[in-house]
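>>> Using only what follows, build the 3D model:
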Amino acid sequence: MVVLRQGRTGTSAFGWLHGWLDDNVDDHVIERVVSSALPLSAPRDRVRYIAELRVRGHGVISVWVEVDKKPSRDAADDEPFGVVTAYCKLPSRTVRRTSARAGSTTRCSE
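The predicted structure is shown next:
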C-alpha cells in the first residue's frame, strides 16, 4: 500500500499538492507509476518507483515517484508517510515548471 496524502507545496513539500503544483505530475500518473513499477531502493531508506510513459508532444518521459514507508510527524496518523515527491525526467534533464533549464511547462498527465 502506498499513501498519497494531500500534502503541501513550498518548504518541506510532499504529497499530491507538491507533485501537481511544484513538479507537474497528476495524481493519476502517480497512481499508475506506483501500481505498475517495481519498487527500488532509494536514499534515506525510501522506495522509488520509475516508469516510462508516452506524453503527448514530448514522446517518452520517465516519471519518478519517491515514497517514504515510515510514519512521519508531518502526518496526523501512524500510517506510512507515503508519496514524498513525483517528477518527470526527459532523457537529459529534469522537467519542472520553475526550472530555467526546462524551458517550458510540461505537465505529466499522459
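>>> what about the helices in the protein?
In chain order, the chain shows helices spanning 15-17, 27-36, with DSSP state H as the criterion.
>>> helices and strands around the shortest one, which ones?
What that stands for is helix 15-17. Helices and strands in packing contact with helix 15-17 are listed as strand 82-90; criterion 3 or more C-beta pairs under 8 Å, 6 or more residues apart in numbering; DSSP states H and E. Bear in mind the C-beta positions are built from the backbone N, C-alpha and C, glycine included.
>>> ok, residues contacting the strand it packs on?
By C-beta atoms under 8 Å, 6 or more residues apart in numbering, the surrounding residues in contact with strand 82-90 are 2-5, 7, 13-16, 18-19, 23-25, 29-30, 33-34, 46, 55, 58, 61-68, 75, 94-96, 106, 108.
>>> So Trp16 sits against Leu4, correct?
Yes - the pair Trp16 and Leu4 passes the contact test of C-beta atoms under 8 Å, sitting 5.5 Å apart.
>>> Could you tell me which residues touch both of the two?
When contacts are counted by C-beta under 8 Å, 6+ apart, Trp16 and Leu4 are jointly contacted by Asp27, Ile30, Val83.
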